[in-house]
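[1] Got a predicted structure plus its sequence, pasted below:
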Amino acid sequence: MGYMASKFLQTLTSVALNAKLRDGDAKVLVFTVHPGIVQTELYQHVWWFNALRVVTRFLFKSPAQGADSIAYASLSPELESGDGGLFIANSRSHPPKQDINNAKLQEAVLKITNRLVG
């Protein structure tokens, strides 16, 4: 549940920041990018990952494959002409879920974020 909540808030913050930057005439677009499950050292202390390393090699993306969606969000001409605020996964853009567009919730999360990061 915590992971899902963190991803929801990450996407909500990205959409809100994108809207604020767009309203301010900034030439920057904000996206939420999910690279997939990437086989990195992040899992080095996870027992099941190490026990199933042969299987995870086929199920998880390589670091280069995980970078594809990040490169797509950064370099794709088709995204450059859009509005931003999209969720990118597997080098495909997806509009955010309906709850993400709640302006009051976006503003509340931005206020909390600004207070926490100063």
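    Cool, got the structure.

[2] Now do the same for the residue of the chain most remote from its centre: its pLDDT.
    The C-alpha centroid of the chain is most remote from residue 51, which lies 28.8 Å away (CA atoms, centre = their mean). As predicted, residue 51 sits at a pLDDT of 78.

[3] elements contacting the longest helix anywhere in the chain?
    For the chain, the helix with the greatest residue count under DSSP state H is helix 2-23. The elements that helix 2-23 packs onto, with contact taken as 3 or more CB pairs under 8 Å, 6 or more residues apart in numbering; DSSP states H and E, are strand 32-34, helix 103-117. C-beta here means a position set from N, CA and C on the backbone, and glycine is covered the same way.

[4] Name the residues that touch the longest one?
    Translated: helix 103-117. 9, 12, 13, 15, 16, 17, 19, 20, 99, 100 (CB atoms under 8 Å, 6 or more residues apart in numbering).

[5] tell me the least confident of these?
    The member of the contacts of helix 103-117 with the lowest pLDDT is residue 99, and it reads 82.

[6] For that one, give its distance to residue 9.
    11 Å (CB to CB, to the nearest Å).

[7] neighbour-wise, which of those two wins?
    residue 9 (15 against 10; other CB atoms under 10 Å).

[8] Burial check on the residue nearest to that one when sequence neighbours are not counted, number of neighbours?
    Nearest residue to residue 9, sequence neighbours excluded (CB to CB, 6 or more residues apart in numbering): residue 109, at 6.1 Å. By other CB under 10 Å, the residues close to residue 109 number 19.

[9] Start the count at 661 instead of 1 going forward.
    All set: I'll call the first residue 661, so the last point we hit is now residue 769.

[10] Quick check: closest non-adjacent residue to residue 744.
    Nearest to residue 744 is residue 689, by CB to CB, 6+ apart, at 3.2 Å.

[11] what's the answer for residue 728, then?
    Once flanking residues are discounted, residue 728 sits nearest to residue 751: 5.3 Å by CB to CB, 6+ apart.
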